[in-house]
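**Student:** Structure of the sequence below:
(chains A and B)
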Amino acid sequence: MTADSPLPALIEVNGLSASYGHVAALKPLDLRVEEGEFVTVLGPNGAGKTTLLRAMSRLIASDGKIKFKGQDITAVPTHRLAKLGIIMVQEGRGLFGEMTVQENLLLGAYGLGGSKDEVERRFEQVFRLFPKLRERAGQVAASMSGGEQQMLAVGRALMAGPKLLMLDEPSLGLAPMVAAGILDTLGELNRGGLGILLVEQKAPQALKLARRVYILSSGYLRAELPAQDIKSHHDLARYYFH
Amino acid sequence: MTSRATISTKLGDYGYFAIALAVAIALLFAWVFIKGGYLLTVLQLAMIYGVFCVGLNFFMGYTGQASFGQNAFAAIGGYGSAILTVQYGWEPILALVVSMAVAGVAAVVVGYPTLRLRGHYLAMATFALGLITYDVSVQWTDLTQGYMGYSGIPPLGIGPFTVEDEKLKLICLAIILVFGVWLSSRLRHSRFGRALRAISSTELGAAALGIRVPRYKLLAFIIAALYASVAGSLFAHTVGFISPEVFGLQMVVVTFTMLYVGGIGTVLGPAIGAVIASLLPEVVRSTGRFQDIAYAAVLILMLIFVPKGLSTLGSIGRRRAVKAGAEG
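**Tutor:** Now for the predicted structure:
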């Protein structure tokens, strides 16, 4: 929790950096998401946005410190992060394409073990948000449209009962209307108290939802500022091409 | 009372090809039963290979890993049963269970360090395991009797009841295979099975959902080893003789063929592949000196036209309303 922040930090990273071989994809940076906060990370292609989320999810090796609710999780393996409530929706959705919608959702609730009542409750929660998933429960995930797959990816993440939801470009490859629908749902989830860290290239709607914005470019953190301070593409371009 | 319409709907759910296949297999069994002779032995071996392949499917099909060394665990089962029954006079069923336990422990010891490897590295490590086991079975003559192998292995049985009749042997082996397939189906659709299939799709994605990938890979490896051990023991008690060649490289090639012809990753594929690939040499035998070419040609044609395996043909004629995830 920072001195100027009224909310406790849900997740806080300090000096986080990552490399692919000898290529430094992410230079040391600090970032935090507070309880119930919606934070957006913006940046052009190759800015290091995906690397940032992968490093925070421990999917790739990184340096620096990561704290979740005050607990140091730097050395915690990926599979235990899910149990803590840190869930990531990967770029390209990361669905299990040959499995059905229902099976994908059940895998989202993997950490619940055999608690059938709780699984049912979460199914209902997901189906309320995305009624189409109920209709498609028996359909193979790979056979659905891009928008439906993105709904499934978010739905699967919600099945895990996340405290922090990290999403890597959920609007990628989707029609504007469909992408807007997905982002609206994220806004609804955030109003329900869920902490969200959204990585996006398309700024306008992501900025409407976010309270704070981090701007990445060429692996460097260029700025951290309130979302309302970015009024136009020119404001962003100023940071991108710093 | 069940109406004709209800029966028709249920049959339609399975797909007409699957129904035709089931009828064909039933007729085949009936014909072999009446005719007896050599084909009886061929089908017995098909059932045994089927058990092996159903187990291998856990590791290679459901979990998406590569193993060229499961024959090592079949050797443990085969030699375990042979040594314990012939040398020490144990009950065959007890020898089978103890051999399974040894194979399970061996799988843990070998799998724990090996399964940290991926892809080609894992394939090579498991291949080495098979070669080492073959070498041990040849060189450690005090234990294995080397190339001479073991003969006079008693048939399966419990107490005074022994399965000596060839037809009864086939029935018992078929029951064991059906049980193995049923268990495989139950596990595939369980939380455990879904986790294995998630690993097969993407290991990082599975880990991000909280699945302990190394532990599940090891469990799949152990299950495959247990099935292989049972297959090895069944071979010893059915044929009555084993030698290092039985569990050699040939076994790896044959079982891979069965797995891919039947349909890797499916529930019924390994069993179907075992039956088809066992019977195929008998079918092409009439081509005389061209039988190897004919055998290879048929296999290649199958893999070209049914690349996901014969069991996936089960969806032909299946009603559209059926869940897409269900398979044959």
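**Student:** so residue A:208 sits in a helix?
**Tutor:** Yes: counting by DSSP: H, G, I helix; E, B strand; the rest coil, residue A:208 is part of a helix.
**Student:** could you list every residue that touches it?
**Tutor:** A:187, A:227 (C-beta atoms under 8 Å, 6 or more residues apart in numbering or on different chains). Where C-beta positions appear, they are placed from N, C-alpha and C, glycine not excepted.
**Student:** How about the one 5 residues further on?
**Tutor:** Remark: with contacts taken as C-beta under 8 Å, 6+ apart, residue A:213 is in contact with A:39-42, A:207, A:223-227, A:229-230.
**Student:** mind listing the helices for chain A?
**Tutor:** A:49-56, A:78-84, A:101-108, A:116-129, A:131-135, A:146-159, A:176-191, A:203-209, A:233-240 (DSSP state H).
**Student:** from the contacts of residue A:213, which two are the most distant?
**Tutor:** A:41 and A:229 (15.3 Å; C-beta to C-beta).
**Student:** These two - which one has more neighbours?
**Tutor:** The neighbour count for residue A:41 versus residue A:229, taken as other C-beta atoms under 10 Å in any protein chain shown, is higher for residue A:41 (25 against 11).
**Student:** Bridged to that one, which residues?
**Tutor:** Note on residue A:41: beta-bridge partners by DSSP bridges are residue A:199, residue A:214.
**Student:** In a markdown table, list the helices of chain A along with distance to residue B:226 and mean pLDDT.
**Tutor:** Output for these, formatted as a markdown table (distance: least, C-beta to C-beta, whole Å; pLDDT from 0 to 100):
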| stretch | distance to residue B:226 | mean pLDDT |
| --- | --- | --- |
| helix A:49-56 | 37 | 93 |
| helix A:78-84 | 25 | 90 |
| helix A:101-108 | 25 | 94 |
| helix A:116-129 | 29 | 91 |
| helix A:131-135 | 37 | 92 |
| helix A:146-159 | 32 | 93 |
| helix A:176-191 | 44 | 90 |
| helix A:203-209 | 51 | 80 |
| helix A:233-240 | 57 | 71 |
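**Student:** Pull the distance from stretch B:52-61 to the chain's centre.
**Tutor:** Centroid separation for stretch B:52-61 versus its chain: 6 Å, with C-alpha atoms, centre = their mean, to the nearest Å.
**Student:** now check that stretch, is it near chain A?
**Tutor:** No: Stretch B:52-61 lies out of reach of chain A by C-beta under 8 Å from any C-beta of the partner chain, never closer than 11.5 Å.
**Student:** per-residue confidence averaged over that stretch?
**Tutor:** On average, the pLDDT along stretch B:52-61 is 96.
**Student:** Among the contacts of residue A:213, which one lies nearest to chain B?
**Tutor:** residue A:41 (18.2 Å; C-beta to the nearest C-beta).
**Student:** follow-up on the earlier one: now tabulate the helices of chain A in JSON lines and tack on distance to residue A:21.
**Tutor:** Shown next, in JSON lines, are those (distance: least, C-beta to C-beta, whole Å):
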{"stretch": "helix A:49-56", "distance to residue A:21": "13"}
{"stretch": "helix A:78-84", "distance to residue A:21": "21"}
{"stretch": "helix A:101-108", "distance to residue A:21": "32"}
{"stretch": "helix A:116-129", "distance to residue A:21": "39"}
{"stretch": "helix A:131-135", "distance to residue A:21": "39"}
{"stretch": "helix A:146-159", "distance to residue A:21": "29"}
{"stretch": "helix A:176-191", "distance to residue A:21": "33"}
{"stretch": "helix A:203-209", "distance to residue A:21": "31"}
{"stretch": "helix A:233-240", "distance to residue A:21": "25"}
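**Student:** now for these, which one comes closest to residue B:267?
**Tutor:** helix A:101-108 (14.5 Å).
**Student:** and the closest one, what other elements does it pack with?
**Tutor:** Secondary-structure packing of helix A:101-108 (3 or more C-beta pairs under 8 Å, 6 or more residues apart in numbering or on different chains; DSSP states H and E): helix A:116-129, helix A:146-159, helix B:191-201.
**Student:** quick one: contacts of the first one?
**Tutor:** Which is helix A:116-129. Contacts for helix A:116-129 (C-beta under 8 Å, 6+ apart): A:105-106, A:109, A:112, A:133-134, A:154-155, A:158-159, A:161, A:185, A:188-189.
**Student:** The last one too?
**Tutor:** Helix B:191-201 has contacts (C-beta under 8 Å, 6+ apart) with A:96-99, A:103, A:106-107, A:110, A:113-114, B:58, B:61-65, B:187-188, B:205-206, B:209, B:211, B:213, B:216-217, B:219-220, B:265.
**Student:** next structured bit after it?
**Tutor:** Using DSSP states H and E, the next helix or strand after helix B:191-201 towards the C-terminus is helix B:203-208.
**Student:** other SSEs contacting the helix or strand following that next one?
**Tutor:** Using DSSP H and E, the helix or strand that directly follows helix B:203-208 along the chain is helix B:213-239. Contact analysis of helix B:213-239 by 3+ C-beta pairs under 8 Å, 6+ apart lists helix B:38-57, helix B:71-82, helix B:92-114, helix B:166-188, helix B:191-201, helix B:203-208, strand B:241-242 as its packing neighbours.
**Student:** and stretch A:51-61, how far apart are its ends?
**Tutor:** 10 Å (C-alpha to C-alpha, to the nearest Å).
**Student:** How about it, which residues are buried there?
**Tutor:** For stretch A:51-61, the neighbour count (16 or more other C-beta atoms under 10 Å in any protein chain shown) marks A:51-60 as buried.
**Student:** Tell me how far residue B:40 lies from chain A.
**Tutor:** 38 Å (C-beta to the nearest C-beta, to the nearest Å).
**Student:** Contact residues of chain A facing chain B?
**Tutor:** Residues of chain A lying near chain B (C-beta under 8 Å from any C-beta): A:57, A:59, A:77-83, A:87-88, A:90, A:94, A:96-100, A:102-103, A:106-108, A:110-111, A:113-114, A:138-140, A:143, A:156, A:160.
**Student:** rewinding a little: considering the helices and strands packed on helix B:213-239, which stretch scores lowest in mean pLDDT?
**Tutor:** Across the helices and strands packed on helix B:213-239, the lowest-scoring stretch is helix B:203-208, with a mean of 89.
**Student:** Next, format the contacts of helix A:116-129 as JSON lines and append distance to residue B:300 and neighbour count.
**Tutor:** JSON lines is the format used below for these (distance: C-beta to C-beta, whole Å; neighbours: other C-beta atoms under 10 Å in any protein chain shown):
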{"residue": "A:105", "distance to residue B:300": "40", "neighbour count": "23"}
{"residue": "A:106", "distance to residue B:300": "38", "neighbour count": "19"}
{"residue": "A:109", "distance to residue B:300": "43", "neighbour count": "24"}
{"residue": "A:112", "distance to residue B:300": "46", "neighbour count": "20"}
{"residue": "A:133", "distance to residue B:300": "42", "neighbour count": "23"}
{"residue": "A:134", "distance to residue B:300": "44", "neighbour count": "14"}
{"residue": "A:154", "distance to residue B:300": "44", "neighbour count": "25"}
{"residue": "A:155", "distance to residue B:300": "43", "neighbour count": "25"}
{"residue": "A:158", "distance to residue B:300": "47", "neighbour count": "23"}
{"residue": "A:159", "distance to residue B:300": "44", "neighbour count": "25"}
{"residue": "A:161", "distance to residue B:300": "50", "neighbour count": "19"}
{"residue": "A:185", "distance to residue B:300": "50", "neighbour count": "18"}
{"residue": "A:188", "distance to residue B:300": "55", "neighbour count": "12"}
{"residue": "A:189", "distance to residue B:300": "52", "neighbour count": "19"}
